[in-house]
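Visitor: please find the sequence and the predicted model below.
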2 protein chains.
Amino acid sequence: MPHRYFTTEISDGTATLRGADAHHLARVMRARLGDTVILCDGNAVEYTATITGFGDECVEFRVEPGYPSAAEPSVEVTLLAGYPKQDKLEQIIKHGVELGAAHIVPFFSRYCVAAPKKEEQKNERYNRIAAEAAKQCGRGVLPDVALPLPNFGAVCRTFAQYDLVLFCYECGGAPLRDPLAAAKPADGEKLKIAIVTGAEGGFAAEEAEMAAKAGARTVGLGPRILRCETAPLAVLASVMTLTGNLE
Amino acid sequence: MPHRYFTTEISDGTATLRGADAHHLARVMRARLGDTVILCDGNAVEYTATITGFGDECVEFRVEPGYPSAAEPSVEVTLLAGYPKQDKLEQIIKHGVELGAAHIVPFFSRYCVAAPKKEEQKNERYNRIAAEAAKQCGRGVLPDVALPLPNFGAVCRTFAQYDLVLFCYECGGAPLRDPLAAAKPADGEKLKIAIVTGAEGGFAAEEAEMAAKAGARTVGLGPRILRCETAPLAVLASVMTLTGNLE
């Protein structure tokens, strides 16, 4: 499989790659004139591109007509994940991108144990991790990682953006497949699904009530207790399976 | 949730816990006479147990009548995972146990990159990781990790043990749901499913042919390329979803 890079500078049959990606292609991969790569505009359109020149910190290409990315799922999933300890958020981002998440939104909640600092610097690193995963697994969009929401109220206020919000609660709820089967997207749009999972401490009963009042569907994940870094990926795999996007 | 320990020494309304678990309960958890824990016999039967005494390196209990573990899935899944680099096998074991795997069998194959040493010592650690995960997530059996199989021929020779072997191939195959819907267990038994996933290097075309000849069903996991530590967990979550064991 040829290497894949994201760039927005694609027009009239030519394209330019700059910065770290240009360095990677030119220096690390030692690409030559005439080599081909896949360029992706980040909006699920891909181009076969042939290198026509190396500039100062940039690579120039001739591109063939674009074609839709085959790798994007038919549903647009946002992972809202309680902020975990250690490097677990990185695992959630990396594997979440592979499994087709479009957006990742960490948040703090009542029983959240982590109290990280320097969130803006960390967010840059998180977005780089997401971009690397997107390139490696062949995504057609660049999934983004948001700055963490400060509390569960802020999480609930985002629910209106989605066609379906799955609140994964350790005390159980409906089987995932039921609300998923009933959900309908806006005309001509992808079904927008939010998956909400807790950090190590789980959710307070008041938070579960708050989520239900804000329109979330409370779902259960079975009798085994999933770790906070496993739950979002299991639910994502489950949603992708039930919507035919893992086959 | 009370703490959970595995012991086979349960009979006539009493039980004994020994070794590291007894130390953990008595010293680390500072348990007292009259405290209750869940004891599990490793065969999916659980007991509510009250501490009646602390011995030399052991804890004694009075146990109530046993009841079937609610946490065991209705299918018996074996993860056959290509031996990955770094600590990825530990991740597969830990999260695989949470997601309900009964057995984990690493193997070497043609394009496998890892060349680990001291496998017997490592296997002890792997089984400890599996046991810890089983306790933490509330399993009713102790999933085991086998010593690695030396080559893909040895993997294929195990296929006859299963009702269904899902060979996950990066070059694609049937949707997972099709062979799963068609599979039937032996009378009165759980459906025995094997999930076979590759290491970083993936599978050789000859290995895919060998698997198919040995009776495996070749399945695809969609257009995104999953990392070798993500694929077994995604397929496991998918199998558990499709068999109603993640709800």
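Guide: Perfect, I can see it now.
Visitor: could you report the neighbour count for A:G202?
Guide: By the criterion of other CB atoms under 10 Å in any protein chain shown, A:G202 has 19 neighbours. Where you see a C-beta, it was placed from the backbone N, CA and C, and this is true even at glycine.
Visitor: surely it meets A:Y111?
Guide: Yes - using CB atoms under 8 Å, A:G202 is in contact with A:Y111, at 5.8 Å.
Visitor: report the buried residues of the top strand by length along chain A.
Guide: Determined from DSSP state E, the single longest strand within chain A is strand A:45-55. For strand A:45-55, burial by neighbour count (16 or more other CB atoms under 10 Å in any protein chain shown) applies to A:V45, A:E46, A:Y47, A:T48, A:A49, A:I51, A:F54.
Visitor: give the next helix or strand downstream of that strand.
Guide: strand A:58-63 (DSSP states H and E).
Visitor: A:A212 and A:F167: what is the separation?
Guide: 7 Å (CB to CB, to the nearest Å).
Visitor: check A:K122 too.
Guide: 25 Å.
Visitor: neighbour count winner among the two?
Guide: Using other CB under 10 Å as the criterion, A:K122 and A:F167 rank with A:F167 on top: 27 against 17.
Visitor: how far is the helix or strand harbouring the more buried one from where the chain is centred?
Guide: Assessed by DSSP H and E, A:F167 sits inside strand A:164-168. Centroid displacement of strand A:164-168 relative to its chain, using CA atoms, centre = their mean, to the nearest Å, is 16 Å.
Visitor: okay, it in PDB with CA atoms only?
Guide: C-alpha atoms of strand A:164-168 as PDB (Å, rounded to 0.1, in the frame of the first residue of the first chain):
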ATOM      1  CA  LEU A 164     -28.300   9.300  19.000                       C
ATOM      2  CA  VAL A 165     -26.400   9.500  22.300                       C
ATOM      3  CA  LEU A 166     -25.400   6.200  23.900                       C
ATOM      4  CA  PHE A 167     -24.600   6.600  27.600                       C
ATOM      5  CA  CYS A 168     -22.700   3.500  28.700                       C
END
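Visitor: so what are the sheet partners of it and their directions?
Guide: Using DSSP bridges, the strands paired with strand A:164-168 are strand A:191-197 (parallel), strand A:217-220 (parallel).
Visitor: out of the ones you listed, nearest to B:L191?
Guide: strand A:217-220 (22.2 Å; CB to CB).
Visitor: ok, back up a step: any residues in contact with both of A:A212 and A:F167?
Guide: A:T218 (CB atoms under 8 Å, 6 or more residues apart in numbering or on different chains).
Visitor: show me the contacts for the closest residue to A:A31 other than its chain neighbours.
Guide: Excluding the flanking residues, the one nearest A:A31 by CB to CB, 6 or more residues apart in numbering or on different chains is A:L25, at 5.0 Å. Residues counted as contacts of A:L25 (CB under 8 Å, 6+ apart) are A:H3, A:Y5, A:L17, A:A31, A:V37, A:I51, A:V59.
Visitor: report all helices and strands that the longest strand of chain A contacts.
Guide: Of the remaining helices and strands, those touching strand A:45-55 by 3 or more CB pairs under 8 Å, 6 or more residues apart in numbering or on different chains; DSSP states H and E are strand A:14-18, strand A:36-40, strand A:58-63, strand A:67-68.
Visitor: the second one and chain B, any residue contact?
Guide: What it means is strand A:36-40. No - using CB under 8 Å from any CB of the partner chain, strand A:36-40 stays clear of chain B, with a minimum separation of 12.8 Å.
Visitor: helices or strands next to that strand in the packing?
Guide: strand A:4-6, strand A:45-55, strand A:58-63.
Visitor: cool, and the first one?
Guide: If contacts are counted by 3+ CB pairs under 8 Å, 6+ apart, strand A:14-18 sits against strand A:45-55, strand A:58-63.
Visitor: output the next helix-or-strand element following that strand as PDB, restricted to C-alpha atoms.
Guide: Note on strand A:14-18: by DSSP H and E, the next helix or strand toward the C-terminus is helix A:19-23. Coordinates of the C-alpha atoms in helix A:19-23 are reproduced here as PDB (Å, rounded to 0.1, in the frame of the first residue of the first chain):
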ATOM      1  CA  GLY A  19       6.000  20.700   7.100                       C
ATOM      2  CA  ALA A  20       6.700  17.500   8.900                       C
ATOM      3  CA  ASP A  21       5.000  15.300   6.400                       C
ATOM      4  CA  ALA A  22       7.100  16.700   3.500                       C
ATOM      5  CA  HIS A  23      10.200  16.100   5.600                       C
END
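Visitor: tell me what A:T48 is bridged to.
Guide: Going by DSSP bridges, A:T48 forms beta bridges with A:I38.
Visitor: what's the distance between it and chain B?
Guide: Noted for A:T48: a distance of 17 Å to chain B, by CB to the nearest CB, to the nearest Å.
Visitor: nothing else from me, thank you.
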